[in-house]
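Participant: just need the structure, nothing else, for what follows:
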Amino acid sequence: MISTLASYKLATSDLSRTIQRVSDQPTVAREVAYYEENISKVKTIEEFIDDTRLFNFAMQAHGLGEMSYAKAFMKKVLVEGRDARDSFANSLTDKRYLEFAETFDFYRYGETATTFTKARQGTVEKYLRQTLEEQAGDENEGVRLALYFQRKAPTITSYYGILADPALGQVVRTAIGLPDSVGSIDIDKQVEMMKDRIDLEEFSDPAALEKFLERFTTLWEVNNGSATAQSSGIGLLYNQGATFGISQDLMLQIQQLKR
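Facilitator: Numbers count the residues shown, from 1 in each chain. Now for the predicted structure:
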């Protein structure tokens with residue numbers, strides 16, 4: 001059975017080729033073709049959300065697949081946009097919604113919002129990367145976490161940002177040898193523990209980042225074993241377990257929108 005580290009290395013040794021193999025899969029190719037053929041035809045938020053296939057593709061690309069059903073919630077994100085400091089997207093802790101509002105910026109650009117590269121090719125590229133991570137996780141959750149961390153590393157600017165994303169927190173705790181129970185203590189104490197063990201600058205250094213992820217994947221294997229990793233139902237990134245997904249506050253906001 002191939003180890004977590006070996007699986008991660010296999011996926012990333014030639015990442016562009018790995019992603020190409022994903023894009024060549026018939027189901028993926030059909031979804032990409034449909035998106036590319038139709039996204040520029042969308043002129044309004046309503047048209048975007050009403051085309052379930054397009055909308056689900058875009059949501060999946062931004063790591064929001066588990067929220068595809070919450071159309072009223074996402075409509076509010078798009079209607080209010082990102083410009084106003086008190087807009088709905090800016091009020092949400094999870095910055096994936098702000099990124100979504102920026103990619104599909106109907107608030108600012110109206111009917112031309114879907115003509116920009118970030119809404120077209122940029123979204124396709126994100127979809128392929130998300131699909132790669134999801135498929136990797138079907139085999140080994142540790143590989144999915146490592147790929148996710150690799151992708152997010154350039155955006156990590158604070159220890160609090162790591163703790164705000166449970167998947168990032170899971171990787172860091174594992175790599176520096178902290179038990180998951182640490183996640184329940186005071187957040188400032190968690191930050192102090194991380195500061196004593198890691199320097200955020202290493203995440204912007206490709207070589208240092210690789211060493212960090214090698215340490216993570218090795219310790220993940222020790223802590224979980226290949227069999228456990230393969231059968232894991234945690235779903236930190238996509239299937240969304242209790243530690244990463246729809247919080248109680250978010251569910252309340254969705255219910256209020258429905259009313």
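
Participant: for this protein, longest helix please?
Facilitator: Using DSSP state H to define each element, the chain has its longest helix at helix 206-231.

Participant: what helices and strands are in contact with it?
Facilitator: If contacts are counted by 3 or more Cβ pairs under 8 Å, 6 or more residues apart in numbering; DSSP states H and E, helix 206-231 sits against helix 4-12, helix 141-152, helix 166-175. Just so you know, the C-beta spots here come from the backbone N, C-alpha and C atoms, and that holds for glycine as well.

Participant: again, only this time at 10 Å
Facilitator: helix 4-12, helix 121-139, helix 141-152, helix 166-175 (3 or more Cβ pairs under 10 Å, 6 or more residues apart in numbering; DSSP states H and E).

Participant: could those helices go into CSV alongside mean neighbour count, mean pLDDT and distance to Met59?
Facilitator: Below are the helices and strands packed on helix 206-231 laid out as CSV (neighbours: other Cβ atoms under 10 Å; pLDDT from 0 to 100; distance: least, Cβ to Cβ, whole Å):
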stretch, mean neighbour count, mean pLDDT, distance to Met59
helix 4-12, 20, 93, 24
helix 121-139, 19, 95, 10
helix 141-152, 25, 96, 17
helix 166-175, 23, 94, 17
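
Participant: so where's the stretch 151-259 of the chain uncertain?
Facilitator: Scanning the stretch 151-259 of the chain for pLDDT under 70 picks out the ranges 226-259.

Participant: on that earlier part again, will you turn the helices and strands packed on helix 206-231 into CSV that also has distance to Met194?
Facilitator: Listed next are these as CSV, based on distance: least, Cβ to Cβ, whole Å:
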stretch, distance to Met194
helix 4-12, 22
helix 121-139, 24
helix 141-152, 14
helix 166-175, 6
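
Participant: so which of those helices gets nearest Thr217?
Facilitator: helix 4-12 (4.1 Å; Cβ to Cβ).

Participant: C-alpha coordinates for the closest one, CSV please?
Facilitator: Extracted in CSV, the C-alpha atoms of helix 4-12 (Å, rounded to 0.1, in the frame of the first residue of the first chain):
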residue,chain,number,x,y,z
THR,A,4,0.7,9.2,2.3
LEU,A,5,4.1,10.8,1.6
ALA,A,6,4.6,8.8,-1.6
SER,A,7,1.1,9.5,-2.8
TYR,A,8,1.5,13.2,-2.2
LYS,A,9,4.9,13.2,-4.0
LEU,A,10,3.3,11.3,-6.9
ALA,A,11,0.6,13.9,-7.3
THR,A,12,2.9,16.9,-7.1
